[in-house]
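**Student:** What shape does this take:
(one chain, ligands or ions: 1)
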Amino acid sequence: MSKILQWLLDLLYPRKCVLCTGLLEKDRVYLCDKCRKDTEKVKGKIHRGSFFTHCISVYYYEKDVSSAVKRLKFGGKAHYALCFGALIAERLAEEGTTCEAVTWVPVSAARKRARGYDQAYLIAKAVAECMGLPLLKSLKKIRHNPPQAREKDSASRRANVLNAYASVNPDAIRGKKLLLVDDVITSGATLSECCRILKMAGAESLYCATFAAARE
Ligand SMILES: [Zn+2]
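**Tutor:** Coordinates of the predicted model:
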């Protein structure tokens, strides 16, 4: 991109930190130095839920991180997905986790129409591009369930997502080590249900990655 064009873009759309929304220092992308340094990262692998080996997450779902996720989901900030995906790919590299293809937890067609995009698809696409891996559509949402945030205990969370998803593309899934991407892991009920469906469709193994994780 030409320098003049970049200068114009910066003038029209000043680049802001996705977490604190402060203006970014020159030559920084996505995060300001303070947020990069001070935001507490999730350490190690998360073992929560079933049908997948573990989940890798970047930050805890709280404060500026939860606000950023909400801006991506409900505030039209679709470009945040590039940042979330890049940070997930960084964490995956740190943990040394490998897979053959990247897939995602889809939103329903109705929600995608209302929102204009599927945020987990956009995050997964960025993860796949950063890791140089194929992006694979493997699931579709077949039942509209109330948002998981409204379900308090883990049994009702599991019941809420049961049979809400179906597999697609079984030939591409069979025998594969897949990485399933979503924006947030809370109880792990949604990821578990998606991985159950993918296992039944013949996936060899699954692990998950999210931008944010609720504290236990
Ligand atoms: Zn910041």
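**Student:** buried sites along the helix or strand harbouring Asp183?
**Tutor:** Asp183 is part of strand 177-185, with elements assigned from DSSP states H and E. Neighbour counts over strand 177-185 (16 or more other Cβ atoms under 10 Å) mark 178-185 as buried. To be clear about C-beta, it is placed using only N, CA and C from the backbone, and glycine gets the same treatment.
**Student:** which of the residues you listed lies closest to Arg115?
**Tutor:** Arg115 has its nearest neighbour among the buried residues of strand 177-185 in Asp183, at 12.3 Å by Cβ to Cβ.
**Student:** Looks like the closest one contacts Lys73 (just checking).
**Tutor:** Yes - Asp183 lies in contact with Lys73 (Cβ atoms under 8 Å); the separation is 6.8 Å.
**Student:** Mutual contacts of these two, please.
**Tutor:** Residues within reach of Asp183 and of Lys73 at once, by Cβ atoms under 8 Å, 6 or more residues apart in numbering, are Gln119.
**Student:** Can you tell me the closest non-neighbouring residue to Cys195?
**Tutor:** Leaving aside its chain neighbours, Cys195 sits nearest to Phe51 (3.6 Å; criterion: Cβ to Cβ, 6 or more residues apart in numbering).
**Student:** neighbours of the one you found, just the number please.
**Tutor:** Counted with other Cβ atoms under 10 Å, residues neighbouring Phe51 total 20.
**Student:** Ala212 too?
**Tutor:** When neighbours are counted by other Cβ under 10 Å, Ala212 registers 21.
**Student:** do the same with the one 3 residues further on
**Tutor:** Residues within reach of Arg215, counting by other Cβ under 10 Å, total 8.
**Student:** Repeat that for Gly44.
**Tutor:** Neighbours of Gly44 under the rule other Cβ under 10 Å: 8.
**Student:** quick one, what contacts it?
**Tutor:** Here Gly44 is in contact with Glu95 (Cβ under 8 Å, 6+ apart).
**Student:** Show me the strands in this protein, by range?
**Tutor:** Using DSSP state E, the strands of the chain run over 55-60, 101-104, 139-141, 165-167, 177-185, 205-213.
**Student:** Looking at those strands, which is nearest to the ion?
**Tutor:** Smallest distance to the ion across the strands of the chain (Cβ to the ion): 12.1 Å, for strand 55-60.
**Student:** Need the mean per-residue confidence for the closest one.
**Tutor:** Computed over strand 55-60, the mean pLDDT rounds to 98.
**Student:** could you give the angle of it to strand 177-185?
**Tutor:** 30 degrees (axes from the mean of the first three to the mean of the last three Cα atoms, to 10 degrees).
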